[in-house]
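Chemist: Okay, sequence plus prediction incoming.
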Amino acid sequence: MPISTTISTPGALEAEFRTYGRGNQFSWAGFKALFEYLEDVSEDMGEDLNIDVIGLCCEWSEYDDLADLIEEFSSRSELPSGPSPHSLRYQFQKHMDLKAVRDYVERHCDKWQEQLLADSDEKLEEIRDNTILLETEAGGYLVAY
């Protein structure tokens, strides 16, 4: 007979993750959103769920904001034209002084970010169509790919 633990709060879910050394996997808002989602799934199914902490860590990713989410999702499909500011920063650090790097990134990051977010509603709809997307109360996102 298996031993089971009842998880009835977001704090209990976070504690279960800590048991597996994964307490920092999500923010508090992320744990809360994940708990609410799992609770809804359990109620819809009419039965308790068996939680696989490692499996949840592999399936779910948390993003702090919309820009991070769209950038990651876009990298899986189609990126906006032009290189990522992160790769630009690395290339310039190898060849130029930090002030030149900072100036270049400041000039081009905003344009790249604007282009990335220009169709954010459309991108969010595409993400919702292809994943499970949860919004956290802190303005972040949890996504199961």
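Modeler: Perfect, thanks for sending it.
Chemist: Measure how buried Asp121 is and give me the count.
Modeler: By the criterion of other CB atoms under 10 Å, Asp121 has 9 neighbours. The way it works is simple: take the backbone N, C-alpha and C, and place the C-beta from them, glycine included.
Chemist: Quick check: phi and psi at the closest residue to Phe35 other than its chain neighbours.
Modeler: The shortest distance from Phe35 to any non-neighbouring residue, by CB to CB, 6 or more residues apart in numbering, is to Pro10 (4.1 Å). Main-chain torsions, Pro10, degrees, to the nearest 10: phi -60, psi -30.
Chemist: ok, now Gly140?
Modeler: The phi/psi pair for Gly140 (degrees, to the nearest 10) is phi -90, psi -170.
Chemist: Quick check, it in contact with Glu62.
Modeler: Yes - counting by CB atoms under 8 Å, Gly140 does reach Glu62; the two are 6.1 Å apart.
Chemist: so what are the domain limits for the chain?
Modeler: Listed by automatic domain parsing, the domain ranges of the chain are 1-63, 65-131+139-145.
Chemist: show me what contacts the residue nearest to Phe35?
Modeler: By CB atoms under 8 Å, 6 or more residues apart in numbering, the contact set of Pro10 is Trp28, Phe31, Lys32, Leu34, Phe35, Glu36.
Chemist: for Phe35, same thing?
Modeler: Contact partners of Phe35, counting by CB under 8 Å, 6+ apart, are Ile7, Thr9, Pro10, Leu13.
Chemist: which SSE is it in?
Modeler: helix 28-45 (DSSP states H and E).
Chemist: elements contacting the helix or strand just after that helix?
Modeler: Of the helices and strands lying after helix 28-45 in sequence (DSSP H and E), the nearest is helix 53-59. Helix 53-59 sits against helix 10-19, with contacts defined as 3 or more CB pairs under 8 Å, 6 or more residues apart in numbering; DSSP states H and E.
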